[in-house]
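>>> sharing a sequence plus its predicted fold:
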Amino acid sequence: MARSMTVDKRENEKKRLAKRAEKQKKKEEKKLSGKASSFEDMIAYVDENGVITSTPPAENIKKEEINQEEILISVPKKEKEEPVVLKGKVDFFNTSKGFGFIKELVRGERYFFHVNNLLSKVEEGDIVTFDLERGLKGMNAINISLENEPENKNPEDDIT
């Protein structure tokens, strides 16, 4: 025979009351145990070394005065930045289309260049010096000249 609904309701009510009584009992035990009951009991202090303690710091400790004007919030200026001269070898050069690639000697990176950025006449296999500039598709070589040639030469004299 199946149990009636009223018996299940009574059992559920007994369980609920038992839980409530247990919760009330725990609450009373917490009050009697003497744990932190006031705000002052819950405060923690941090000393000058960053250690958390329950005792307040002594008032007679001499504090170091800091001048606010001496605090610098910036990146220090660089004195003199020397330009980095990159050296590379002309890896590919298409004179009819007017572009090529330079392979850097140190890292082995390849950089695109256009004939408009040449300061002197170059050919495949030449060792050149150059600067870098960010282009649309990556870094491009600019101010390209032969390694042992003076840079103040007029580029239009050599390029046709």
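Sure, I can see it. Keep in mind that what you see is a predicted model, and the values were worked out from it rather than measured.
>>> how near is the closest residue to Ile52 other than its chain neighbours to Ala58?
Among residues not flanking Ile52 along the chain, Ala44 sits closest, at 5.1 Å (C-beta to C-beta, 6 or more residues apart in numbering). Glycine gets a C-beta too; all of them are placed from N, C-alpha and C. From Ala44 over to Ala58 the distance is 16 Å, taken as C-beta to C-beta, to the nearest Å.
>>> again with Thr129
66 Å.
>>> tell me which of these two has more neighbours.
Per other C-beta atoms under 10 Å, whichever of Thr129 and Ala58 has more neighbours is Thr129, with 19 against 7.
>>> what distance separates whichever helix in the chain runs longest from the centre of its chain?
Counting residues, the longest helix in the chain under DSSP state H turns out to be helix 5-32. From the chain centre to the centre of helix 5-32 is a distance of 54 Å (C-alpha atoms, centre = their mean, to the nearest Å).
>>> could you point out which element follows it?
Following helix 5-32 in sequence order, the next helix or strand is helix 39-42 (DSSP states H and E).
>>> which stretches of the chain aren't confidently modelled?
Along the chain, the parts satisfying pLDDT under 70 run over 1-5, 34-37, 59-61, 81-83, 149-160.
>>> so what are the domain limits for it?
9-52, 83-144 (the TED database).
>>> from those, which stretch is densest packed?
domain 83-144 (a mean of 15; mean count of other C-beta atoms under 10 Å).
>>> quick one: secondary structure of the residue nearest to the spatial centre of the chain?
Central residue of the chain (C-alpha atoms, centre = their mean): Val75, 15.9 Å from the mean position. Following DSSP: H, G, I helix; E, B strand; the rest coil, we place Val75 in the coil state.
>>> quick check: the gap between Val84 and Glu104.
11 Å.
>>> no no, Leu119
Leu119 is 18 Å from Glu104, by C-beta to C-beta.
>>> equivalent analysis for Ser74, please.
For Ser74 relative to Glu104 (C-beta to C-beta), the value is 33 Å.
>>> Glu28 now?
79 Å.
>>> likewise for Thr95?
Using C-beta to C-beta, one gets 22 Å for the distance from Thr95 to Glu104.
>>> Glu11 too?
83 Å.
>>> before we move on, what about Asp47?
In terms of C-beta to C-beta, Asp47 sits 55 Å off from Glu104.
>>> one more: Lys63?
56 Å.
>>> and Val85, by the same measure?
11 Å.
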